[in-house]
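Enquirer: Sequence plus predicted model, see below.
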Amino acid sequence: MVAPEKVDVAIVGAGMSGSIFAAVLAKAGKKVVLLEQGPDWQLGDLISSDIWGRRIKPTTAQVVLQGKNPVGYGFNFGHGTGGAALHYFANFPRLLPSDFKVKSQYGRGLDWPISYDDLSPYYDKVARDVGVSGDDKAEEIWRPKGEAYPMPPLKSFRHGQVWLKGFEQIGIRMVPAPVAINSTDYNGRPACIYDGWCHVGCPIGALANPQVTYLAEARKAGATVRPFCTTTRILTNAAGTKATGVEYYDEKREKQVQEASVVILAGAAVSNPRLLLNSATDKHPKGLSNASGLVGNYVMTHFAGATWAIFDEDVQSHMGITGAQFMSYDKHPKTSHKDAFGSTFWVAGLALKTSDLAGFANARGDLFGPELAAFMKRAKPGLTRVQGFGEEMPDIENRVELASEKDDFGMPLPKVTHSYGPDVIALWNAILEEGVAAAKAAGAKEAWPARPVIPTIHMTGGTIMGTAANNSVANSYGQSHEIANLWIGGAGLFPTEGAANPTYTLDAVALRGAEHLAANWGTIAN
Amino acid sequence: MLPMERRAFMQGAAMGALAFSVGGVDVLLTAREARAQGAAFKTLTPEQVATLEALGETLVPGAREAGVAHYVDAQISGPADNALLIARVMNVRPPYANFYRVCLGALEKACQAQTGKNFAALAANEQHDLIEKLRTNKLEGWQGPPPPYVYAVMRGDAIDVVYGTMAGYEGLGIPYMAHIAPEKRW
């Protein structure tokens, strides 16, 4: 068997951050290979069905989940090219300046090594690259001015509009939500047709998943995707100073070595620390980039406090987009809610389908039998939901480690421990009360909070960025503090998470890192 | 999975149907059609089928005829990576067949202990009462995963086959509005 030829860049994972690194580096003339554990999904695979849509999500066969609030792995993560961004809702809020300085400003959590101003130009670049629809002027009541969004807001529907009066009455201003979905034709991609199937993958290319944005650009520039390839180790030189490539098992389950001048870990926030830990050598006995002992630590999730309501009109909640029509940062200040700490990000106007975790039938998870059937009929015209995303502070006990159990290739499974603390519970309760108050003020004929299970949504942290090797895993570009040609992409780099959906910030961080790597290639590559 | 089965599955996935065996011949059917035609079960035992159908019907009226047992059987009989079950997004750890074996067994055991009968043999109101105890974690002597979790997963399957299909949307008067419609209507 012939070993694969050495390449400039080996990227582990073909989700959003891997696609961004691949696009930038391939366009800079580098030979790029993406090793993707799952299938190579095409737009034509994306059947409009909650049932069939589960194929693009992972099973939990390869992970051990524990803690009081186990991470919602199967629902949130990706399986195959596009990663989680193949089924994300494309809500595109950004973090606000205070999110980067939580430790300095509040004495809690951690600081980012960069500020909002460092990332701001990349938010603007990403918006141009992928196409964002929104009202930047309206948002600037909360954030510094940036470039205008390339497209006006999407159309709104009654299931979003009905909430506006209620939120206004409880002092929360709602504005059009920014989304990475086309409100007009953009860059050769069509405008949205508002059929509410975003969450199972948009096959028309209106929603900016990697397949129609950065991954497409990367392929056009010559990058190669190898599906069904499971990376098991990052390889380093004898001195432990440089990454030399990766070891992986190919689609025939045969062991391969891909040599590379630069290695980029762009898997999910679970798999990146797993690989770093599993790549220990005598020079790096605790795992790569782990002098601080922080690889795997400070895992965070978001939690949504959802409120359901039935209005006395046909709100057509099957229409629109799975993400949000309207949003608010009015409860972003971290002490907005009495006796709780952390930001809240409100969204309204989420399209609903009948089944799956967030569908009609789970609006009343307590009902079954004839009572459920009656509810489905009764709720159909007027049912709608709002939710406030809440911020969890980084806690060193929430972490990814290696389990004793191994996968088919002999690699230890990742063990993810996650529990919410009292701040989260307090904030969740406050968000639920606020949502019910908004529903009542909006004139809903019925309103109820989504209890009793507090959800775990998104996942950040685990390979946090920081100022030095003793307080973090990587620098602000995603470059390992210890091995210059080993890079990390994704939301695992976030030291704090804010309350906003993470992908826009993930994109901006990855684009900033990729451009820095391309510009400094000569001093970084092996 | 054998190559032929895999081809059938992939074709089925593209069409929105599942592979079932009727009279020894592999055919692509919806779960409802599979039940109506008496398609063979691959993994579930006759006792488990009876329990699952009765449980599904108790949770969501119409689930029995919608083929909840055929649906689950088809999903747990192939590789977990191909499974479409709601278990996948509820952190149930594969192999999924184990989860159903354990949960259905635990339900029967608890049912026998409380009533001296199989779950499928109970009257509808007795079935409802037992499931209310499952939902609220009040089933004495339960030996299995947390009862409210089992309730939620099994309820999810029944919802899928009754409300998650194109026919289910039609029944509720909700336009399905597919980008890529599952040809077999689910």
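Expert: Cool, got the structure.

Enquirer: Would you check how far apart residue B:31 and residue B:74 are?
Expert: According to CB to CB, to the nearest Å, residue B:31 stands 7 Å off from residue B:74. In this view, the C-beta of every residue, glycine as well, is placed from N, C-alpha and C.

Enquirer: Identify the contacts common to those two.
Expert: Here residue B:31 and residue B:74 share the contacting residues residue B:18, scored by CB atoms under 8 Å, 6 or more residues apart in numbering or on different chains.

Enquirer: So which residues on the stretch 351-500 of chain A come close to chain B?
Expert: Contact residues, the stretch 351-500 of chain A versus chain B (CB under 8 Å from any CB of the partner chain): A:353-357, A:359-362, A:365-366, A:368-370, A:372-373, A:376-377, A:380.

Enquirer: show me where the stretch 301-450 of chain A has helices.
Expert: A:370-379, A:422-441 (DSSP state H, counting those that start in this stretch).

Enquirer: tell me which element the nearest residue to residue A:525 once chain neighbours are set aside is part of?
Expert: Nearest residue to residue A:525 in three dimensions, chain neighbours excluded: residue A:261, at 4.0 Å (CB to CB, 6 or more residues apart in numbering or on different chains). Assigned by DSSP states H and E, residue A:261 belongs to strand A:255-265.

Enquirer: Run through chain B and note the low-pLDDT ranges.
Expert: Within chain B, the segments meeting pLDDT under 70 span B:1-17, B:182-186.

Enquirer: Grab the longest helix from it for me.
Expert: In chain B, taking DSSP state H as the definition, the longest helix is helix B:96-115.

Enquirer: ok, the residue of the stretch 351-500 of chain A found nearest chain B - contacts?
Expert: Nearest to chain B in the stretch 351-500 of chain A, going by CB to the nearest CB, is residue A:355, at a distance of 3.5 Å. Contacts for residue A:355 (CB under 8 Å, 6+ apart) come out as A:50-51, A:361, B:86, B:156, B:159-160, B:163-164, B:168.

Enquirer: Which of these fall in helices?
Expert: Those of those mapping onto helices are B:156, B:159-160, B:163, B:168, per DSSP H.

Enquirer: May I see the buried residues of the next helix or strand after the longest helix of chain B?
Expert: Remark: after helix B:96-115, the chain's next helix or strand is helix B:124-135, criterion DSSP H and E. By 16 or more other CB atoms under 10 Å in any protein chain shown, the buried positions in helix B:124-135 come out as B:126-128, B:130-135.

Enquirer: And the pLDDT at the residue nearest to residue A:412 when sequence neighbours are not counted?
Expert: Distances taken as CB to CB, 6+ apart put residue A:402 closest to residue A:412, at 3.9 Å, once the chain neighbours are dropped. You'll see residue A:402 listed with a pLDDT of 98.

Enquirer: likewise the one 5 residues further on?
Expert: Looking at residue A:407, its pLDDT stands at 95.

Enquirer: thinking it is in contact with residue A:413, fair?
Expert: Yes: counting by CB atoms under 8 Å, residue A:413 is a contact partner of residue A:407 at 6.0 Å.

Enquirer: quick one, which of those two is more surrounded?
Expert: Between residue A:407 and residue A:413, residue A:413 has the larger neighbour count (other CB atoms under 10 Å in any protein chain shown), namely 19 against 16.

Enquirer: So the more buried one is in contact with residue A:278, correct?
Expert: No: judged on CB under 8 Å, residue A:413 makes no contact with residue A:278 at a distance of 10.1 Å.

Enquirer: shared neighbours, those two?
Expert: residue A:402.

Enquirer: Near residue 53, how many other residues are there?
Expert: Let's take chain A. Residue A:53 is flanked by 21 other residues according to other CB under 10 Å.

Enquirer: that's the other chain; I wanted chain B
Expert: 23.

Enquirer: separation between it and chain A?
Expert: Remark: distance between residue B:53 and chain A (CB to the nearest CB, to the nearest Å) = 15 Å.

Enquirer: Show me what the helix or strand harbouring that residue packs onto, helices and strands only.
Expert: Using DSSP H and E, the element containing residue B:53 is helix B:46-59. Applying 3 or more CB pairs under 8 Å, 6 or more residues apart in numbering or on different chains; DSSP states H and E, we find helix B:46-59 packed against helix B:68-76, helix B:96-115, helix B:124-135, helix B:147-163.

Enquirer: what about those helices, which gets the closest to chain A?
Expert: helix B:147-163 (4.2 Å).

Enquirer: just to revisit the earlier point, return the most buried member of the helices of the stretch 301-450 of chain A.
Expert: Comparing those by mean neighbour count (mean count of other CB atoms under 10 Å in any protein chain shown), helix A:422-441 ranks first with a mean of 21.

Enquirer: May I have it exported as CSV, CA atoms only?
Expert: Taking Å, rounded to 0.1, in the frame of the first residue of the first chain, the C-alpha atoms of helix A:422-441 are listed here in CSV:
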residue,chain,number,x,y,z
PRO,A,422,-26.9,27.2,40.9
ASP,A,423,-26.4,30.3,38.8
VAL,A,424,-27.8,28.4,35.7
ILE,A,425,-30.8,27.1,37.6
ALA,A,426,-31.6,30.6,38.9
LEU,A,427,-31.2,32.2,35.5
TRP,A,428,-33.3,29.5,33.8
ASN,A,429,-36.1,30.0,36.2
ALA,A,430,-35.9,33.8,35.7
ILE,A,431,-36.0,33.3,31.9
LEU,A,432,-39.1,31.0,32.1
GLU,A,433,-40.9,33.6,34.3
GLU,A,434,-40.1,36.3,31.8
GLY,A,435,-41.3,34.3,28.9
VAL,A,436,-44.7,33.6,30.5
ALA,A,437,-45.0,37.3,31.4
ALA,A,438,-44.4,38.2,27.8
ALA,A,439,-47.0,35.7,26.6
LYS,A,440,-49.6,37.0,29.0
ALA,A,441,-48.8,40.6,28.0
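
Enquirer: can you list contacts of that helix?
Expert: Contacts of helix A:422-441 (CB under 8 Å, 6+ apart): A:163, A:165-167, A:169-170, A:172, A:303, A:305-307, A:309, A:331, A:337-342, A:344, A:386-388, A:390-393, A:420, A:447-451, A:454.

Enquirer: One more pass at 6 Å, please.
Expert: A:166-167, A:169-170, A:303, A:305, A:307, A:309, A:337, A:339-342, A:344, A:386, A:388, A:390, A:392, A:447, A:449, A:454 (CB atoms under 6 Å, 6 or more residues apart in numbering or on different chains).

Enquirer: Can you report how many residues lie near the closest residue to residue A:331 other than its chain neighbours?
Expert: Nearest non-adjacent residue to residue A:331, counting by CB to CB, 6+ apart: residue A:344, 3.9 Å away. Residue A:344: 27 surrounding residues under other CB under 10 Å.

Enquirer: Quick one: residues contacting residue A:344.
Expert: Residues in contact with residue A:344, defined by CB under 6 Å, 6+ apart, are A:331, A:388, A:390, A:431, A:499.

Enquirer: mind checking how far it is from residue A:463?
Expert: Residue A:344 is 26 Å from residue A:463, by CB to CB.
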